[in-house]
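Novice: From the sequence below, what's the structure:
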Amino acid sequence: MGYCPECDAPIEEEFEDIGEIITCPECGVELEVIALDPVEFDLAPAEDEEEDEEDLSFDDEDDEDEDWDDEDDEGFDEEEDEYN
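Specialist: So this is what the prediction gives:
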């Protein structure tokens, strides 16, 4: 038997694999099995961490928008005050 590190509720299931993700029956937090003998749990890694890493690519998209704006400026002839 192990205990939830969040609410200290006893968890009386048997586990076969380290890394298994379960949900605490008392508080609902996701837990990762980190040891089998004795059974120990830690808070499971948040799924949002992977999504946050993917979100870092948005900076590149902003650069593309800036390049697009520059292209518009290239077609404007300042001397003649009109587009070519």
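Novice: all helices for the chain, in order.
Specialist: Using DSSP state H, the helices of the chain run over 48-55, 58-74.
Novice: How is the protein divided into domains?
Specialist: 2-43, 48-75 (automatic domain parsing).
Novice: weakest of the ones you listed by average pLDDT?
Specialist: The stretch with the lowest mean pLDDT among those is domain 48-75, at a mean of 54.
Novice: For Asp8, see how far away Gly19 is.
Specialist: Using Cβ to Cβ, to the nearest Å, we find Gly19 at a distance of 22 Å from Asp8. Any C-beta I mention is one placed from the backbone N, CA and C, and that applies to glycine too.
Novice: any idea which strand is longest in this protein?
Specialist: strand 30-36 (DSSP state E).
Novice: Which residues belonging to that strand are considered buried?
Specialist: The neighbour-count check on strand 30-36 (16 or more other Cβ atoms under 10 Å) flags 31, 33 as buried.
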